[in-house]
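[1] model this:
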Amino acid sequence: MSIDYLLSILKPMLEGAQATILLFLIAIIVSIPLGFLLTLASTSSIKWLAWLTNGYIYVMRGTPLLLQLLFFVFGLPLIPVIGEYLVLDRFVAASLGFILNYAAYFAEIFRGGLLAIDKGQFEAAQVLGLNRFQTTTRVVMPQMFRIALPAVANESVTLVKDTALLYAVAVPELLHFAQTAVNRDFTIVPFVLAGVIYLFITLLLTMFFKVLERRMRFS
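    The predicted structure follows:
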């Protein structure tokens, strides 16, 4: 296989990788804080809020991400009366689906981290005169994120791989250009190259989280 051929298919695949990386960044930046808010709501003393939040988390975690993407991209415009106002760009609709799905998963991860904190920490905060906001930001959140970080790292790597589902809703991304090259040239080289690109992205992400874990461990 010539270098010229590899370069010719690498350029469009790297363009597709830009969509992959952009979706990942949008989803991770929005879904992590949203997941934390869902955790607070699901553990709230307000029963109806906790019930609705837990129901949402159950639905999003209990149905396939692909089904959710198909709903947001192709299903929203079909809703009676309001469907015409819900026609979104496919990338935007897919991003919304990823955000809402992964926020539910992060909510459960953070809930696990929250439950792992010793109740004595809350009592100690009260003794020190900290209010609820101070307790949450100074005591709960740092410990919760430290505990949840390994699971967040694993979920983030999964998110990178799940971006390939954009292919199913006709959004051009890395896998789309790889499949196009395979169909055109009758060779598996584009698939191998796509795999290398995915591995490179996940490698960088894994290294980032390892550094972050190390810093939080000794902070």
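[2] per-residue confidence at the nearest residue to residue 197 once chain neighbours are set aside?
    In space, and not counting its chain neighbours, residue 197 is closest to residue 17: 5.5 Å by CB to CB, 6 or more residues apart in numbering. Every C-beta, even on glycine, is put in place using the N, C-alpha and C of the backbone. The per-residue pLDDT reported for residue 17 equals 92.
[3] In terms of secondary structure, what does the one helix or strand residue 17 maps to contact?
    Assignment of secondary structure by DSSP states H and E places residue 17 within helix 3-42. Helix 3-42 sits against helix 47-62, helix 90-115, helix 141-162, helix 174-185, helix 189-217, with contacts defined as 3 or more CB pairs under 8 Å, 6 or more residues apart in numbering; DSSP states H and E.
[4] who's in contact with the residue nearest to residue 197?
    By CB atoms under 8 Å, 6 or more residues apart in numbering, residue 17 lies in contact with 173, 174, 197, 201.
[5] what do you get for residue 100?
    Applying CB under 8 Å, 6+ apart, we find residue 100 in contact with 31, 60, 68.
[6] 7 Å instead?
    residue 60 (CB atoms under 7 Å, 6 or more residues apart in numbering).
[7] Then the one 10 residues further on?
    Under the criterion of CB under 7 Å, 6+ apart, the neighbours of residue 110 are 35, 36, 39, 144, 148.
[8] in stretch 14-33, what's buried?
    Neighbour counts using 16 or more other CB atoms under 10 Å place 16, 17, 19, 20, 23, 24, 26, 27, 28, 30, 31, 32 of stretch 14-33 among the buried residues.
[9] got the CA positions of it in PDB?
    Provided in PDB are the C-alpha atoms of stretch 14-33 (Å, rounded to 0.1, in the frame of the first residue of the first chain):
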ATOM      1  CA  LEU A  14      -9.000  13.400   9.900                       C
ATOM      2  CA  GLU A  15     -11.800  15.800   8.900                       C
ATOM      3  CA  GLY A  16     -14.300  13.300  10.100                       C
ATOM      4  CA  ALA A  17     -12.200  12.900  13.400                       C
ATOM      5  CA  GLN A  18     -12.800  16.600  13.900                       C
ATOM      6  CA  ALA A  19     -16.600  15.900  14.200                       C
ATOM      7  CA  THR A  20     -15.800  13.000  16.500                       C
ATOM      8  CA  ILE A  21     -13.700  15.200  18.800                       C
ATOM      9  CA  LEU A  22     -16.100  18.100  18.700                       C
ATOM     10  CA  LEU A  23     -19.000  15.900  19.700                       C
ATOM     11  CA  PHE A  24     -16.900  14.400  22.500                       C
ATOM     12  CA  LEU A  25     -16.000  17.800  23.900                       C
ATOM     13  CA  ILE A  26     -19.500  19.100  23.700                       C
ATOM     14  CA  ALA A  27     -20.900  16.000  25.400                       C
ATOM     15  CA  ILE A  28     -18.300  15.800  28.200                       C
ATOM     16  CA  ILE A  29     -18.300  19.500  29.000                       C
ATOM     17  CA  VAL A  30     -22.100  19.700  29.300                       C
ATOM     18  CA  SER A  31     -23.000  16.200  30.600                       C
ATOM     19  CA  ILE A  32     -20.700  16.100  33.600                       C
ATOM     20  CA  PRO A  33     -22.100  19.200  35.400                       C
END
